[in-house]
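1. Okay, predicted coordinates and the sequence, questions at the end:
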Amino acid sequence: MMFILFAVASILMLTAGPLSAENWPQWRGPRSNGISHEKNIPTVWGEDASGKLRNVAWRLPLPGSAGATPVVWNDRIWLTSVDGQDLVLMCINTAGKELWRRTIATGNRTVRRDEGNMASPSPITDGKHVWATMATGVIACFDVDGREVWKVNLARRYGPLRIAFGMSSTPVLFKNRLYLQLIHGDGQSDTHEALVVALNAGTGDEIWKVGRVTGAVSENEQSYASPMLYNHGGVQFLLTHGGDFVIAHRLSDGSEIWRCGLNVRDNPRLPYHPTLRFVASPVTAPGIIVVPTAKNREVVALRPNSKGDITNNKTAHIWMRLRNTPDVPSPLIHDGLVYLCRENGNLICLDQKTGKEIYQKMTHRQRHRASPVLIDGYLYLTARDGRISVVRAGRKFQLVAQNNLREPISASPAVAGGTLYLRSFETLWAIRKTGE
């Protein structure tokens with residue numbers, strides 16, 4: 001075996017399938033927060049001391065690497081991948097059989113040595129259609145049986161995407177609209193413009209676009225984060241993250257509601273950082289938005305009901321932590337606690353109301369690129385070398401298990417239908433209770 005065991009609904013909350021199993025329609029799950037309501041998911045799997053295989057339903061080799069998270073609806077799984085120089089969308093059933101494969105674009109490029117490629121954005125599904133974006137800027141819509149509905153080259157429509165490692169941002173699907181952040185400039189140049197765009201999900205036609213002017217310079221103009229939806233208590237707006245600011249936009253026309261500077265030139269506590277590009281995305285819960293930055297800088301908790309520039313508006317800030325942001329994994333909020341998985345494997349637990357640190361503990365000292373997921377009271381933290389640490393959620397740190405795929409992985413886990421899906425650079429794994 002290639003691994004050993006170390007024992008130690010769309011975003012509208014749609015669910016479907018046998019036994020009311022929960023779908024996983026996008027990279028952070030049905031509620032865009034990394035939290036699954038599934039039960040009875042294994043915390044340990046792999047090969048035990050006697051060589052017996054435990055809790056691995058199947059393992060499907062993939063045609064190439066990618067960091068995109070799979071999405072799942074009923075008995076079908078979709079993921080994007082490299083296949084030679086082709087950038088493809090694959091459909092696999094929950095028994096581990098490939099059903100179809102479609103080429104969306106060609107021209108792969110590996111970036112930052114082994115960190116990613118042009119198949120980095122994750123697909124999205126509503127159970128009837130699936131949308132897939134490639135880091136080259138091509139976005140396509142297919143029905144669930146693989147028939148192409150539409151395809152758009154965003155670089156041709158909106159101008160060249162001048163971003164070093166490709167446009168890895170995953171769009172947001174909400175009420176038949178796709179919301180995209182194309183942050184690769186300061187929003188002031190026709191040839192180098194940062195945009196926020198809403199497309200008709202059924203046709204690919206533009207509904208609106210707005211320039212995103214921030215004054216960011218150099219590498220800060222390039223964001224690899226994904227937009228997020230705030231959708232709590234009847235309040236709904238879009239969050240875009242990059243270019244020195246997190247900005248809230250009205251869904252109707254993209255107009256700005258508020259903005260908060262995260263890399264401010266006149267801040268004596270946090271001097272302007274010339275290469276503070278954002279990768280980790282914000283996360284929301286009722287009454288709070290937790291916003292990461294990069295490179296061991298700040299994490300900010302903001303109130304959603306704000307207006308204008310709230311950079312120095314203390315009433316709009318719930319708390320700020322001046323250092324220890326996750327650089328790539330997005331935060332997670334659950335049961336009054338905020339979890340930050342740092343790129344070095346440290347897990348930080350904060351009080352949601354005050355930002356006070358409850359603990360900071362090491363899990364596995366390796367690069368962490370995937371965002372954490374929480375399933376039935378356990379956090380799953382995925383390291384780049386294939387080690388998945390399982391930590392009991394709560395105010396006391398308890399490392400329950402560490403499971404090693406022994407395959408490189410940067411995709412976040414997906415959970416649906418009683419199964420944990422792990423997409424490595426080599427294979428798709430289905431982890432579920434299989435009996436002893």
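-> Noted; the coordinates are in hand.

2. tell me what the host helix or strand of Phe142 is packed against?
-> For Phe142, the host element (DSSP states H and E) is strand 138-143. If you count contacts as 3 or more Cβ pairs under 8 Å, 6 or more residues apart in numbering; DSSP states H and E, strand 138-143 packs onto strand 86-93, strand 98-106, strand 129-133, strand 148-153, helix 154-158. Using the backbone N, CA and C atoms, a C-beta is placed for each residue, glycine as well.

3. which of these sits most buried?
-> strand 129-133 (a mean of 25; mean count of other Cβ atoms under 10 Å).

4. Other residues contacting that one?
-> 71, 78, 80, 89, 91, 104, 121, 123-125, 139-144, 149, 167, 169-171, 173, 178, 180, 201-202 (Cβ atoms under 8 Å, 6 or more residues apart in numbering).

5. Please check these and keep the buried ones.
-> Among these, the ones that count as buried by 16 or more other Cβ atoms under 10 Å are 71, 78, 80, 89, 91, 104, 121, 123-125, 139-142, 144, 167, 169-171, 173, 178, 180, 201.

6. And the next helix or strand past the helix or strand of the chain with the lowest mean pLDDT?
-> In the chain, no helix or strand scores lower on mean pLDDT, DSSP states H and E than strand 4-6, which sits at a mean of 38. Sequence-wise, the next helix or strand downstream of strand 4-6 (DSSP H and E) is strand 35-36.

7. now that following strand, how far from the centre of its chain.
-> 13 Å (Cα atoms, centre = their mean, to the nearest Å).

8. just to revisit the earlier point, dump the helices and strands packed on strand 138-143 to TSV, plus mean pLDDT and distance to Ile409.
-> Rendered in TSV, the data for the helices and strands packed on strand 138-143 read as follows (pLDDT from 0 to 100; distance: least, Cβ to Cβ, whole Å):
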stretch	mean pLDDT	distance to Ile409
strand 86-93	98	17
strand 98-106	98	20
strand 129-133	98	20
strand 148-153	98	29
helix 154-158	96	28
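
9. Tabulate these (TSV), appending distance to Glu47.
-> As requested, the helices and strands packed on strand 138-143 are exported to TSV (distance: least, Cβ to Cβ, whole Å):
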stretch	distance to Glu47
strand 86-93	24
strand 98-106	25
strand 129-133	34
strand 148-153	41
helix 154-158	44
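
10. closest to Ala285 out of those?
-> Ala285 sits nearest to strand 129-133 of all these, at 25.8 Å, using Cβ to Cβ.

11. and the direction of the closest one versus that of strand 138-143, what angle?
-> Angle of strand 129-133 versus strand 138-143, following axes from the mean of the first three to the mean of the last three Cα atoms, to 10 degrees, is 170 degrees.

12. Each with direction, which strands does strand 129-133 pair with?
-> Next to strand 129-133 in the sheet, as set by DSSP bridges, lie strand 124-125 (antiparallel), strand 138-143 (antiparallel).

13. In TSV: the ones you listed, plus distance to Ser223.
-> As requested, these are exported to TSV (distance: least, Cβ to Cβ, whole Å):
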stretch	distance to Ser223
strand 124-125	19
strand 138-143	17
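
14. Identify whichever of those strands lies nearest to His368.
-> strand 124-125 (23.6 Å).

15. just to revisit the earlier point, indicate which one of the strands paired with strand 129-133 is closest to Val56.
-> Of all these, the one in closest proximity to Val56, counting by Cβ to Cβ, is strand 124-125 (24.8 Å).

16. So which residues make contact with the closest one?
-> Around strand 124-125, the neighbours that count as contacts under Cβ under 8 Å, 6+ apart are 10, 25-26, 71, 73, 78, 130-132, 144, 170-171, 173, 178.

17. Closest one of the residues you listed to Val291?
-> Thr170 (17.4 Å).

18. Report the contact partners of the closest one.
-> Neighbouring residues of Thr170 by Cβ under 8 Å, 6+ apart: Gln26, Trp27, Pro121, Ser122, Ile124, Thr133, Ser226.
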